[in-house]
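In: attaching a predicted model along with its sequence, questions to come.
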Amino acid sequence: MKRHLFMLGLLLSVPAFAESTPTQDATRGPPRPPPFERKSPVQLLLEHRQELALTDAQATGLERIQAALDTKNAPVKQSLEALRPAGPPPAGGTQDDATHRANREKAHGLFDQLRTNDTQAYQEAEQLLTDAQKTQARALITAAWEAHGPGPGGRGGPRRGE
């Protein structure tokens with residue numbers, strides 16, 4: 001009788017334990033957005049407008065710069081999205097190496113264009129800021145960049161600092 005009660009207790013406790021144990025997906029957190037969907041430096045400035053004590057004229061100017069950047073980056077982002085594979089690669093690997101290399105080279109060029117556009121927009125945005133705001137803005141952007149980090153490691157090895 002005791003053996004049957006023990007087995008019954010075990011059977012009832014396993015589902016309760018399984019429900020309370022976090023899955024691997026829950027511990028990872030939300031999925032990271034594609035690199036080209038991350039915030040631009042100008043967006044970061046707008047999000048921290050109160051910290052930077054931006055005037056209405058400065059905020060309006062930054063919004064104009066961000067809108068122009070979004071317009072300029074839209075076709076580049078569409079091109080990057082078109083290069084993304086629809087899902088994980090099949091086990092046999094149907095895409096040949098030449099096509100894969102060509103797509104990677106195209107993506108590198110497109111990411112370079114996005115970085116150039118972001119840099120130009122930030123340089124234009126800095127012209128609207130005072131010297132104190134520039135110093136604070138650079139610190140905010142550096143902190144955001146460092147918080148983002150290089151990614152989960154992958155082929156390049158572990159993250160910085162590990």
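Out: Arrived safely.
In: grab the longest helix from this structure for me.
Out: helix 97-126 (DSSP state H).
In: which strands and helices sit next to that one?
Out: Judged by 3 or more C-beta pairs under 8 Å, 6 or more residues apart in numbering; DSSP states H and E, the packing partners of helix 97-126 are helix 41-47, helix 56-83, helix 131-148. For glycine as for every other residue, the C-beta is placed from the backbone atoms N, C-alpha and C.
In: between the second one and helix 97-126, how many degrees?
Out: Going by axes from the mean of the first three to the mean of the last three C-alpha atoms, to 10 degrees, helix 56-83 is angled at 180 degrees with respect to helix 97-126.
In: ok, back up a step: comparing the helices and strands packed on helix 97-126, which comes out most buried?
Out: With neighbours defined as mean count of other C-beta atoms under 10 Å, the helices and strands packed on helix 97-126 peak in mean count at helix 41-47, which reaches a mean of 21.
In: quick one: contacts of the following helix or strand past that helix?
Out: Downstream of helix 41-47, the first helix or strand assigned by DSSP states H and E is helix 49-52. With C-beta atoms under 8 Å, 6 or more residues apart in numbering as the test, helix 49-52 has contacts from L45, A59, L62, L129, Q133, Q136, A137, L140.
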